[in-house]
Structure formats: structure tokens, C-alpha cells
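> give me coordinates for this.
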Amino acid sequence: MSDIPKAKGIIDLLLKGRLAYSVRRSLRRARNLMDREKPDFVVRRDVPKLTRKQALMARRLRRMHYGMNTISRRVGSQIGRVSEIVNGKKRIPRK
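Alright, predicted model coming up:
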């Protein structure tokens, strides 16, 4: 999770106080750098999410010290999806 929203809040609080011109200008520049424009388009999802069976198999293979490439080929999914499950970034889907 990003700390950008928290940093934005801190800078916004600082900008409400009395500051020297140069400090205020620097803070505004920093605050503007934290705003991200919305993308023009979103790429559609090509790789489906892992099923419960695939996720359990990926974790089992990782415990057996298989590499991520090997696991992703055996599971039949993208290495990024496998990595998320194996490293605990995503939960194993329920039945």
C-alpha cells in the first residue's frame, strides 16, 4: 500500500500554516508531483485469476523449491499471478 495519500495529507496541513514564500512554493511543487492523472484507457485482463486448485498447487511446488517459471508453466498461468499467490500478496480463492 502506498504512503502517498498520507504524505499528501501532511503537506496539505503544512500548507494551511504560515510559511515563508520559498517553503510554500517548494511544498506546492512536491504536492503537485503526487497527483497522478487518470489513464486514457485500461488494458483488459488477458490472464484469468488462479483457481483454488492452481493456487494450492503453486504453493506446494514452491515449498518443494521449484522456480517461479517452472511453477507458472505447470500451473498454466502467468508468472505474476503465481508470484502473488506464492508470496502472499493475494489470498487463495475460496471454493
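> how does the protein divide up, domain by domain?
Domain segmentation of the chain under automatic domain parsing yields 4-33, 52-86.
> just name the most buried of those domains.
Comparing the domains of the chain by mean neighbour count (mean count of other CB atoms under 10 Å), domain 52-86 comes out on top with a mean of 16. All C-beta spots, glycine's among them, are computed from the backbone N, C-alpha and C.
> quick one: end-to-end distance for stretch 57-76.
11 Å (CA to CA, to the nearest Å).
> what of stretch 61-81?
End-to-end distance (CA to CA), stretch 61-81: 15 Å.
> returning to that earlier point: export the domains of the chain to a markdown table and tack on mean pLDDT and distance to V42?
Converted to a markdown table, the domains of the chain look like this (pLDDT from 0 to 100; distance: least, CB to CB, whole Å):
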| stretch | mean pLDDT | distance to V42 |
| --- | --- | --- |
| domain 4-33 | 90 | 20 |
| domain 52-86 | 93 | 17 |
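> including distance to I92, could those go into JSON lines?
Converted to JSON lines, these look like this (distance: least, CB to CB, whole Å):
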{"stretch": "domain 4-33", "distance to I92": "29"}
{"stretch": "domain 52-86", "distance to I92": "4"}
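> do you know which of those domains lies nearest R94?
With CB to CB as the measure, domain 52-86 is the member of the domains of the chain nearest R94 (6.9 Å).
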